[in-house]
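Test case, fold it:
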Amino acid sequence: MADFGAVARPYARALFELARESGKLADWASALSAAAAVVAEPGARRYLGQPGLGDEERAAFVIALAEGVPGTEVLAGDAGKNLLRLLAENERLGALPEIAAQFEQLKSQAENKVKVTVTTATEVDDALKAKIAERLRKKLGRDVELELALDPGLIGGAVIRAEDMVIDGSVRSRLEQLAASLID
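Numbers count the residues shown, from 1 in each chain. This next block holds a predicted model:
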């Protein structure tokens, strides 16, 4: 899959400014996420890749499949249609997942929030979840939106990911470090 990081940046910034000015940050975030899910789906990707399909048809297809998700009404408006048509014209519909991700980052920064994924080997109870969220809020200086994931392969401990920061406190990681030091 192509790396659309640099391509997505100007689209995400322009959409962020449009959404902020119109007071529709949540709607655009939802719409971009839904459109990204559409173009990431293999069947939809095959359909969108058909040579005889026009740009208008590609845009309409994405809008139709994203329809019904709360907030996606913005895709059916002029700005949404223009965005999808422009992406289709330039063969960049595949950049939608990266555009959505970068838009979400801009939105989180503006709202002073950070999404954090905590991966553990076992279930985490609500009390521990609240304690983790509070400690991360103090450390990062931002509101924390905590997402939990399970990976029994960690054996114990946790891996915490927040934007470009990773804290690996897993038993698996420590065992790998120990094995590497014994080999050296």
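
quick one: the helices in the chain?
5-22, 25-40, 42-48, 55-66, 73-76, 78-89, 96-110, 126-140, 171-183 (DSSP state H).

in the last one, what's buried?
In other words, helix 171-183. Buried residues in helix 171-183, counted by 16 or more other Cβ atoms under 10 Å: Arg172. All C-beta spots, glycine's among them, are computed from the backbone N, C-alpha and C.

Quickly list what Val166 is bridged to.
Here Val166 shows beta-bridge partners Arg161, assigned using DSSP bridges.

Give me the distance between it and Lys139.
Distance of Val166 to Lys139, computed by Cβ to Cβ, to the nearest Å: 14 Å.

Looking at the two, which one has more neighbours?
Lys139 (13 against 10; other Cβ atoms under 10 Å).

Pull the contacting residues for the residue positioned nearest the centre of the chain.
Per Cα atoms, centre = their mean, the C-alpha nearest to the average position across the chain is that of Ala101, at 3.8 Å. Neighbouring residues of Ala101 by Cβ atoms under 8 Å, 6 or more residues apart in numbering: Ala8, Ala36.

Name the residues that touch stretch 144-155?
With contacts defined as Cβ under 8 Å, 6+ apart, stretch 144-155 is touched by 108, 113-124, 129, 132-133, 136-137, 159, 162, 170-173, 175.

Report the buried residues of it.
Those would be Val144, Leu146, Leu154, for stretch 144-155 by 16+ other Cβ under 10 Å.

Look up which residues are beta-bridged to the first one.
Taking DSSP bridges, one finds Val114 as the beta-bridge partners of Val144.

how's this structure carved up into domains?
Each domain of the chain is listed here as a residue range: 5-108, 113-183, per automatic domain parsing.

Out of those domains, which is the most enclosed?
With neighbours defined as mean count of other Cβ atoms under 10 Å, the domains of the chain peak in mean count at domain 5-108, which reaches a mean of 17.

Start and end of it, how far apart?
Using Cα to Cα, to the nearest Å, the end-to-end distance of domain 5-108 comes to 18 Å.

Could you tell me the average pLDDT over it, please?
What domain 5-108 shows for mean pLDDT is 93.

how far is that domain from where the chain is centred?
13 Å (Cα atoms, centre = their mean, to the nearest Å).

likewise stretch 165-184?
Worked out by Cα atoms, centre = their mean, stretch 165-184 lies 28 Å from the chain centre.

Ala31 contacts Ala79, doesn't it?
No. Using Cβ atoms under 8 Å as the test, Ala31 is too far from Ala79 to be in contact (10.0 Å).

Make TSV from the helices of the chain and add distance to Leu150 to it.
Shown next, in TSV, are these (distance: least, Cβ to Cβ, whole Å):
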stretch	distance to Leu150
helix 5-22	29
helix 25-40	23
helix 42-48	26
helix 55-66	29
helix 73-76	34
helix 78-89	35
helix 96-110	23
helix 126-140	13
helix 171-183	14
